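>>> Sequence and computational prediction follow.
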Amino acid sequence: MAEDIQGTIPSQEQLAAIANRFNREYQGDTFNLPPEVESMPIFREWVSGSLAANLSSPFWEIVQPRKRQSCLDLGCGVSFLIYPWRDWGALFYGQEISVFAQKTINSRGPQLNSKLFKGVKLAPAHQLDYQTNQFDLVIATGFSCYFPVTYWQTVMAAVKKVLKPTGVFAFDVLNLEQPLAENWAILETYLGAEVILEPMDSWKQLIRQSGAKVTGQHSGEVFHLFKVKW
């Protein structure tokens, strides 16, 4: 049986700092970092764009969206413009805290497929203003590391409410055992979004406490992806 756990909520200042870090990257702004950071190999990979492949969590390899399924992508960025949602035929709902990403995808998404694209809301991951049992799949990749596990208690509870009883939640966490993880965390902190180094055992405990069960996993170069069901 799931424990009655009470999570925390991030401050507006913390959310604004994370949103600003991604607004700047999406807009192509220049980041002026200390020489010792710019000399790191991972910084050069980030600048060249080659780092992106190591940061991606291919959720579709463990839970591919299916035709007419309702899918919510938390912290979606511009994923509807990148991932093959049109091939999957799944209904896409997005949520973001980056104003630039939200406006960009809301402008371009309907042009790609107005039937599948259901819009992107500007809100953090714990504020899920949707119907109960609305979604077949909820995705949250690439941003759990900016918040403590205690916040994800709140997120997990919110996700559980909007998932169908047969629904799946796919989310990734920073894997501190991977060689790239610590240097990536240093880089992100200098880019303006502090990374919180939570051990893997804390995430596994969170899943158990929420009452969910792990039904699939995928280990990447930086992030570890979980597929869970309640």
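Sure, I can see it.
>>> Listing request: residues of this protein with sub-threshold pLDDT.
For the chain, applying pLDDT under 70 flags the ranges 1-7.
>>> Strands along that one, start to end?
Assigned strands in the chain, in chain order: 70-74, 91-96, 117-122, 135-140, 163-174, 213-219, 223-229 (criterion: DSSP state E).
>>> Which strands or helices does the longest one pack on?
What that stands for is strand 163-174. On a contact count with 3 or more C-beta pairs under 8 Å, 6 or more residues apart in numbering; DSSP states H and E, strand 163-174 meets strand 135-140, helix 149-162, helix 181-191, strand 223-229. For glycine as for every other residue, the C-beta is placed from the backbone atoms N, C-alpha and C.
>>> for these, which one ends up most surrounded?
Mean neighbour count, computed with mean count of other C-beta atoms under 10 Å, is highest for strand 135-140 among these, reaching a mean of 24.
>>> who does that one pair up with?
For strand 135-140, the paired strands and their directions (DSSP bridges) are strand 70-74 (parallel), strand 163-174 (parallel).
>>> Mind checking those for the one nearest to Leu33?
Smallest distance to Leu33 across those (C-beta to C-beta): 20.2 Å, for strand 163-174.
>>> Would you mark the buried spots in the closest one?
163, 167-174 (16 or more other C-beta atoms under 10 Å).
>>> for stretch 48-62, same thing?
Buried residues in stretch 48-62, defined by neighbour count with 16+ other C-beta under 10 Å: 51, 55-57, 59, 62.
>>> ok, now stretch 99-107?
Within stretch 99-107, judged by 16+ other C-beta under 10 Å, the buried ones are 100-102, 104-106.
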